[in-house]
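Trainee: Prediction below, plus the sequence it came from.
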Amino acid sequence: MAEKRERYQNRIELLQGTLDLLILQTLQWGAQHGYGISVAIRNRSGEILQVDTGSLYPALHRLQKQKWIKSEWKISENNQRAKYYRLTATGKRQLTRERSKWAHLSDAIAGVLNPFEDENEP
């Protein structure tokens, strides 16, 4: 039972970590409101990744609690009040760590998907 719970927790952490990475990367390009973050992720992923508000806003609150992002109220381009998020110095360092972890994970997955690439075999 404990092993099942641990696997489930690892899955949640992987999903949250991936969303955190996407949000931090998006804010690397500049301050943005929540809707703008979700649009940027969707557009930059070729319309494949879509982050719904039920996942986005809890993630933003979690990142703010970690002090990786800060927020302030501003007037949006639509002349409406919106909370804009920006990356902090701590968040920039975390983005570097998250990108490194993602690169290692990607390499590990590639090793499983293409096991003979490094061995010069078909």
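Mentor: Perfect, thanks for sending it.
Trainee: Surely residue 63 and residue 69 touch.
Mentor: Yes. Contact criterion Cβ atoms under 8 Å: residue 63 and residue 69 qualify, at 4.7 Å. The way it works is simple: take the backbone N, C-alpha and C, and place the C-beta from them, glycine included.
Trainee: any shared contact partners between these two?
Mentor: Residues touching both residue 63 and residue 69 (Cβ atoms under 8 Å, 6 or more residues apart in numbering) are 23, 24, 85, 91.
Trainee: This structure: helices as residue ranges?
Mentor: Secondary structure of the chain (DSSP state H): helices located at 2-28, 34-44, 53-65, 89-113.
Trainee: Dump those helices to JSON lines, plus mean neighbour count, distance to residue 74 and mean pLDDT.
Mentor: Supplementary listing: the helices of the chain in JSON lines, determined by neighbours: other Cβ atoms under 10 Å; distance: least, Cβ to Cβ, whole Å; pLDDT from 0 to 100:
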{"stretch": "helix 2-28", "mean neighbour count": "14", "distance to residue 74": "14", "mean pLDDT": "74"}
{"stretch": "helix 34-44", "mean neighbour count": "17", "distance to residue 74": "11", "mean pLDDT": "96"}
{"stretch": "helix 53-65", "mean neighbour count": "15", "distance to residue 74": "15", "mean pLDDT": "95"}
{"stretch": "helix 89-113", "mean neighbour count": "13", "distance to residue 74": "19", "mean pLDDT": "95"}
